[in-house]
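[1] requesting a structural model of the entry that follows:
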Amino acid sequence: MKLPDERLINWLISSLELETSLYHMGQYCGPWRASTAGKSRASFHLVLKGNCYLHLDNQPSVHLATGDGVFFLRDIPHFLSPFEDSRKDCASSSMQPLFPAQLNGTGLACGFFQFGGLAASLLLEFFPDYLLLRADTPGSQAGRRIFDLIRQEAAADTEIPSPLIDRLTEVLLFYLIRDLVQETETMAGIWAVASRPHFAPLLQKLLHEPGHEWSTEDMAREVHMSRTRFFRQFNDTCGQPPAQFLLNLRMCIAAQRLRTGESVTRVAEYVGYQSPAAFTRAFKKVIGEQPGSYQRGYRKQQIN
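    Next up, the predicted model:
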């Protein structure tokens, strides 16, 4: 698998206008319920100690333990509780200070963040609604070290939380984003195109109208180039001809929408396929498995 050029990673990080703010930090004991939903903002929850469950509408509960975290890139309904069964009574109790530590308490750091710039629109288009951080994920040593620093800052028994927690959380999120970008060559190509000023407006149009019948000539006109010049420069930029890039882009968008639970038929229509069979062939060619199988596999992964 080809990884993105380090310059593209640097472009992504430098282009992201990220601001993080800690909302509250402490521990819950007994029955409790916590959520940052309904604020029209991206948010996060970091489990500093103990265990809890993440509950999302129409999805199985997700177990979270010490060192785990969840970053919501979109404001979606959710809540945390100490019970696996989301229907169990979670009469809200107030958050207590982290110290003194309670035997069965769950320590949390919760807050909000916001993105800006073109890189942000790409993240929101292609990334899932939320990113899970697992303490025991192989290859995440850097993330674990940052999380340990957050826990050390949180361990300071002071009335005012350390301002470094905000900054460390931002770095932690950057690591998660970088790991996700590196997962596919297709994503690397998207970042490459986005990093070129004369191609970025075209990419925005392709993102907003993936179902349009884009031809190479159409794309060349959007950037005010001849077809030959456009084809050559585009291919040199991302290592793919425009038609192949468009196919990969459509399938990335399709995968994102499938992860939200949208039906295969509706997703196919959104990215320009009137025939579900043709969409299935294209999706398998790019992603490696059929849409339905991909959607079921994603749901199962969230459970685990």
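[2] give the contact list for the residue positioned nearest the centre of the chain.
    By CA atoms, centre = their mean, the chain has its centre lying nearest to Phe127, at 4.0 Å. Going by CB atoms under 8 Å, 6 or more residues apart in numbering, Phe127 touches Leu73, Ile177, Leu180, Gln256. All C-beta atoms are positioned from the backbone trio N, CA, C, and that covers glycine.
[3] same question for Leu132.
    Contacts of Leu132 (CB under 8 Å, 6+ apart): Val62, Asp68, Gly69, Val70, Gln302.
[4] that one pairs with what?
    Val70 (DSSP bridges).
[5] state the pLDDT value of it.
    According to the prediction, Leu132 has pLDDT 89.
[6] tell me how far it lies from Ala154.
    Using CB to CB, to the nearest Å, one obtains 20 Å as the distance from Leu132 to Ala154.
[7] in the stretch 101-250 of the chain, which spans are strands?
    106-114, 130-133 (DSSP state E, counting those that start in this stretch).
[8] which one in the contacts of Phe127 is the model shakiest on?
    Leu180 (71).
[9] from what I can see it touches Leu131, true?
    Yes: between Leu180 and Leu131 there is a contact under CB atoms under 8 Å: 7.0 Å.
[10] looking at these two, which is more packed in?
    The neighbour comparison of Leu180 against Leu131 (other CB atoms under 10 Å) goes to Leu131, with 18 against 15.
[11] I figured the more buried one hits His45, correct?
    No: Leu131 lies out of contact with His45 (CB under 8 Å); the separation is 11.6 Å.
[12] residues shared between the contacts of the two?
    Common neighbours of Leu131 and His45, using CB under 8 Å, 6+ apart, are Val70.
[13] now the contacts of Phe127: which count as buried?
    By neighbour count, with 16 or more other CB atoms under 10 Å, the contacts of Phe127 hold Leu73, Ile177, Gln256 as buried.
[14] from the residues you listed, pick the one nearest Leu206.
    Set against Leu206, the nearest of the buried ones among the contacts of Phe127 by CB to CB is Gln256 (14.2 Å).
[15] go ahead and confirm the closest one touches Asp129.
    No: with contacts counted by CB under 8 Å, Gln256 stays clear of Asp129, the gap being 9.1 Å.
[16] what about the helices in the stretch 1-150 of the chain?
    Taking DSSP state H, counting those that start in this stretch, the helices of the stretch 1-150 of the chain run over residues 6-15, 118-126, 141-154.
[17] quick one: mean pLDDT over the shortest one.
    Meaning helix 118-126. Here helix 118-126 scores 64 as its mean pLDDT.
[18] same thing with the last one?
    Helix 141-154 shows a mean pLDDT of 86 in the predicted model.
[19] try stretch 47-54
    In the prediction, stretch 47-54 has an average pLDDT of 95.
[20] please apply the same query to stretch 221-230.
    For stretch 221-230, mean pLDDT is 95.
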